[in-house]
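A.B. asks: Any chance you could fold what I've pasted below:
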Amino acid sequence: MTKTHTIPVLAIDGGGTRCRLALHDKGNLVRVEAGSANVSTDFEAAIRQIRGGLATLCEEAGVSMQALCEVPAYAGLAGVTGARIADRVAASLPLQSIKVEDDRPSALRGAVGDREGFVAHCGTGSFMAARVNGVMRFAGGWGAVLGDPSSAQWVGRQSLARTLDVADGLAAKSELSEALLERFDGTAGIVAFAATASPAAFGGLAPAVTKAAAQGDVLARSILRDGAKGMAETMQKMGWKQGMAICLTGGIGPFFAEYMPEEMQVCLSERQGEPLDGALALAEEFGKEIADGRD
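C.D. replies: Sure, this is the predicted structure:
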């Protein structure tokens with residue numbers, strides 16, 4: 001995604017796997033990475049990673065921490081569930097002017113830019129995002145217990161639940177169900193695994209499902225078909241109309257493409273940029289708001 005930056009901006013894109021930071025100043029773009037930065041999962045660890053990333057960014061860009069902290073900053077972070085935790089993040093960082101939001105706005109902006117369009121993000125978790133008539137709208141992202149349909153953890157969980165249906169004689173067996181029963185040493189092993197499995201552990205089963213689906217496995221294909229149906233229904237409720245671009249992002253997102261309704265398949269589009277690109281664009285907008293307020 002191409003974006004013309006006219007003022008220095010600092011962007012932070014923090015997720016459960018990694019945190020990426022970027023400084024754009026005088027035509028130069030410097031990017032660095034740090035570790036996991038989900039502020040709900042482990043707030044203190046996330047702040048340490050962000051602070052470490054800021055220090056690395058100073059080194060790479062050749063600027064002092066004091067100078068960096070004066071730059072308008074935007075942070076899109078996983079785990080920001082409301083204003084209270086956003087304010088806590090801002091207060092825990094040395095940045096003088098920072099706007100903190102969850103990671104969905106930057107993902108949407110990075111993917112569709114200024115276009116009308118939708119993002120169905122399906123990684124370990126999932127959310128839907130839309131830009132319609134210039135307004136951003138979001139759905140989902142509430143975590144594995146209360147949501148995250150069509151995510152990798154959902155796919156993994158469904159593979160085990162439907163394998164138990166096979167064991168109960170409620171569904172036809174497939175190569176995937178047989179492989180899972182063998183892998184976990186029967187139904188008792190499946191139940192024992194599920195009792196303590198994290199979302200990431202469930203998500204670790206998703207590659208076996210997508211591989212089986214590509215080979216025509218009926219059970220695997222039913223999971224992806226149901227996931228795609230749910231995504232399509234959510235997008236329609238959010239205002240999707242024929243012709244609006246749809247970006248399937250996240251590790252498992254693109255695997256749903258062939259299962260989407262035909263009218264949506266023709267609208268599938270490559271994303272214009274990464275979430276960090278979206279965070280940079282939102283940082284520039286925030287910087288301009290500050291500058292306009294001073295005029």
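A.B. asks: and the most centrally placed residue in the chain, what are its phi and psi?
C.D. replies: The chain has H121 as the residue nearest its centroid, 5.3 Å off, counting by C-alpha atoms, centre = their mean. Main-chain dihedrals, H121, degrees, to the nearest 10: phi -100, psi 120.
A.B. asks: same thing with K26?
C.D. replies: According to degrees, to the nearest 10, K26 has phi 50, psi 40.
A.B. asks: Surely it touches P8?
C.D. replies: Yes: the pair K26 / P8 is scored as a contact, 7.4 Å apart, by C-beta atoms under 8 Å. Glycine gets a C-beta too; all of them are placed from N, C-alpha and C.
A.B. asks: thinking again about what came up before, spit out the contact partners of the residue nearest to the centre of the chain.
C.D. replies: Residues near H121 by C-beta atoms under 8 Å, 6 or more residues apart in numbering: R104, A107, F127, M128, A129, T249, G250, G253.
A.B. asks: how about the nearest residue to the first one, chain neighbours excluded?
C.D. replies: What that stands for is R104. F138 (4.9 Å; C-beta to C-beta, 6 or more residues apart in numbering).
A.B. asks: Ok, the fourth one next?
C.D. replies: Taking C-beta to C-beta, 6+ apart, and ignoring the residues beside it in sequence, M128 has A139 as its nearest neighbour in space, at 4.5 Å.
A.B. asks: swap in the fifth one?
C.D. replies: Of all residues beyond its chain neighbours, the one nearest A129 is L108 (3.9 Å), with distances taken as C-beta to C-beta, 6+ apart.
A.B. asks: I'd like to check what contacts the stretch of helix or strand that neighbour belongs to. Which residues are they?
C.D. replies: Element membership for L108, per DSSP states H and E: helix 104-112. Identification of contacts with helix 104-112 by C-beta under 8 Å, 6+ apart yields 1, 11, 13, 74, 76, 117-119, 121, 127, 129-131, 136, 138, 141, 245, 247, 249, 271-279, 281-282.
A.B. asks: quick revisit: the residue nearest to M128 sits in which helix or strand?
C.D. replies: strand 135-140.
A.B. asks: Which strands and helices lie in contact with the helix or strand that that strand is followed by?
C.D. replies: Once strand 135-140 ends, the next helix or strand along the chain (criterion: DSSP H and E) is helix 152-167. The contact analysis (3 or more C-beta pairs under 8 Å, 6 or more residues apart in numbering; DSSP states H and E) places helix 152-167 against helix 175-183, helix 187-196, helix 199-203, helix 206-214, helix 218-237.
A.B. asks: dump the residue contacts of the closest residue to R221 other than its chain neighbours.
C.D. replies: In space, R221 comes closest to A213 once its chain neighbours are excluded; the distance is 4.8 Å by C-beta to C-beta, 6+ apart. Residues in contact with A213 (C-beta under 8 Å, 6+ apart) are A220, R221, I223, L224, F255.
A.B. asks: What residue, apart from its backbone neighbours, is nearest V191 spatially?
C.D. replies: L164 (7.9 Å).
A.B. asks: scratch that, A34
C.D. replies: The nearest residue in space to A34 (C-beta to C-beta, 6+ apart) is G53, at 3.7 Å.
A.B. asks: Return the member of the contacts of A213 nearest to A46.
C.D. replies: F255 (29.0 Å; C-beta to C-beta).
A.B. asks: where does that closest one land in three-state SS?
C.D. replies: Following DSSP: H, G, I helix; E, B strand; the rest coil, F255 is assigned to helix.
A.B. asks: surely it meets I223?
C.D. replies: No: using C-beta under 8 Å, F255 makes no contact with I223, being 10.3 Å away.
A.B. asks: From R115, how far off is G216?
C.D. replies: 36 Å (C-beta to C-beta, to the nearest Å).
A.B. asks: ok, now L205?
C.D. replies: For L205, the distance to R115 - C-beta to C-beta - is 35 Å.
A.B. asks: No further questions, thank you.
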